[in-house]
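S.K.: What shape does this take:
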Amino acid sequence: MYDEEYIEKLEESIININIVLGVATDKALNDNINETQGLLSILSKVTNDLVNEIYNR
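M.R.: Model prediction:
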């Protein structure tokens, strides 16, 4: 089973992903294309890192 520290790290990562996704959505709705692309790039890297961590565990 997963330890408490690992679960807390996953929770923190998911919360951060949700925050970035919300900001990216707001930027996209306001036609801020460059900022949206940058945020989506960050989101892609963070989610990719998280998925890799989960699968490598």
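
S.K.: Grab the longest helix from the chain for me.
M.R.: helix 4-29 (DSSP state H).

S.K.: Which strands or helices does it pack on?
M.R.: With contacts taken as 3 or more Cβ pairs under 8 Å, 6 or more residues apart in numbering; DSSP states H and E, helix 4-29 sits against helix 33-56. Glycine gets a C-beta too; all of them are placed from N, C-alpha and C.

S.K.: that older thread, so how far is the longest helix of the chain from its chain's centroid?
M.R.: 5 Å (Cα atoms, centre = their mean, to the nearest Å).

S.K.: Kindly report the same for stretch 14-34.
M.R.: 10 Å.

S.K.: re earlier: kindly calculate the angle that the longest helix of the chain makes with helix 33-56.
M.R.: The directions of helix 4-29 and helix 33-56 differ by 160 degrees, with axes from the mean of the first three to the mean of the last three Cα atoms, to 10 degrees as the criterion.

S.K.: Flag every buried residue along helix 4-29.
M.R.: Buried residues in helix 4-29, counted by 16 or more other Cβ atoms under 10 Å: Ser13, Val20, Ala24, Lys27.

S.K.: Between the two ends of stretch 19-37, what distance do you get?
M.R.: One end of stretch 19-37 to the other measures 15 Å (Cα to Cα, to the nearest Å).

S.K.: contact partners of it?
M.R.: Leu39, Leu40, Ile42, Leu43, Val46 (Cβ atoms under 8 Å, 6 or more residues apart in numbering).
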